[in-house]
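Chemist: Here is the input, now give the coordinates:
(one chain, ligands or ions: 1)
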Amino acid sequence: MWVFGYGSLVWKVDFPYERKLVGYVKGYCRRFWQGSEDHRGVPGKPGRVATLVPSENTQDCVWGVAYKIPAIEVERVRAHLDYREKDGYQTREVIFNPYPPSTDITTIRITVYIGTGDNPFFLGPAPDEEIAHQIFHAEGPSGRNVDYLLNLTHSLRTMIAPHAVDSHLSALEEKVKALSSSPSNEEVPEDQRHES
Ligand SMILES: N[C@@H](CCC(=O)N[C@@H](CS)C(=O)NCC(=O)O)C(=O)O
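Modeler: Numbering: from 1, shown residues only. Now for the predicted structure:
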């Protein structure tokens with residue numbers, strides 16, 4: 001079994017694998033349109049995490065990582081990922097293209113977890129500023145939503161290639177970093193707060 005990682009599975013690998021390849025899938029775009037109440041947000045205040053949406057341009061690529069799960073571990077890893085991705089993700093089979101092309105593998109039929117538009121946690125499109133603001137203020141049992149985004153952009157940029165950080169991610173990264181450095185968002189020590 002091969003699993004494609006394009007979100008937290010790129011940088012948070014809490015399962016065994018026997019082979020790892022960098023590459024891409026075609027016909028999709030990565031978007032922070034999936035809500036998260038069990039990892040990067042809480043019920044009533046969801047975070048936003050990555051999902052894949054079908055692209056009108058079949059040449060659009062989503063870069064990520066393919067993991068080959070050892071046969072003896074498939075059942076356990078599948079159950080683990082089904083639980084980890086329980087809030088709205090479902091599995092699909094897609095075609096993965098290793099890059100650079102592997103000598104022994106041209107393409108791989110691979111399992112991917114996608115939060116489709118009809119799932120109960122799907123948040124859908126919003127202005128980048130709104131998504132960045134939601135990410136900046138969200139936190140859940142797995143940590144800050146900002147860390148999810150920045151771990152992903154850093155891993156794609158360093159592990160895969162600069163061009164693997166798509167324009168949607170770059171825009172969100174820029175806006176979240178701007179929010180982080182904005183004086184209005186710095187924690188003001190309690191003894192210096194002035195009641196308005
Ligand atoms: N299925 C995508 C997205 C996976 C993903 O980010 N799922 C969330 C569920 S909210 C997760 O596992 N988060 C773990 C974390 O935030 O630490 C992938 O292949 O990377």
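Chemist: Using the three-state scheme, assign D87.
Modeler: Per DSSP: H, G, I helix; E, B strand; the rest coil, the secondary structure class of D87 is coil.
Chemist: pLDDT wise, what is it at?
Modeler: Predicted confidence (pLDDT) for D87: 94.
Chemist: Quick one: residues contacting E139.
Modeler: By Cβ atoms under 8 Å, 6 or more residues apart in numbering, the residues touching E139 are R40, G41, V42, G47, N145. For glycine as for every other residue, the C-beta is placed from the backbone atoms N, C-alpha and C.
Chemist: ah, wrong one, I meant G7
Modeler: Per Cβ under 8 Å, 6+ apart, neighbours of G7: R30, V49, A50, T51, Y148, L152.
Chemist: ok, the fifth one to R84 distance?
Modeler: Between Y148 and R84 the distance, using Cβ to Cβ, to the nearest Å, works out to 13 Å.
Chemist: Counting neighbours, go ahead and name the busier of the two.
Modeler: The residue with more neighbours, out of Y148 and R84, is Y148; 25 against 18, by other Cβ atoms under 10 Å.
Chemist: unless I'm mixing things up, the more buried one is touching G47, no?
Modeler: Yes. Y148 is in contact with G47 according to Cβ atoms under 8 Å; the separation is 7.1 Å.
Chemist: Residues in contact with both of the two, list them for me.
Modeler: Joint contacts of Y148 and G47 (Cβ under 8 Å, 6+ apart) are H39, R40, I135.
Chemist: Of the residues you listed, which is the nearest to P70?
Modeler: H39 (25.5 Å; Cβ to Cβ).
Chemist: Quick check: which element contains that closest one?
Modeler: Under the criterion DSSP states H and E, no helix or strand holds H39.
Chemist: so who does it touch?
Modeler: S8, G47, V49, D87, G140, P141, S142, Y148.
Chemist: now Y6
Modeler: V25, R30, A50, L52, V62, W63, G64, V112.
Chemist: and the fourth one, how many neighbours?
Modeler: Using other Cβ under 10 Å, L52 has 25 other residues around it.
Chemist: Touching the helix or strand hosting it from outside, list them.
Modeler: Using DSSP H and E, L52 falls within strand 47-54. The set of residues external to strand 47-54 that reach it, using Cβ under 8 Å, 6+ apart, is 6-8, 25, 27-37, 39-41, 62, 89, 112, 114-117, 122-123, 131, 134-135, 138-140, 145, 148, 152.
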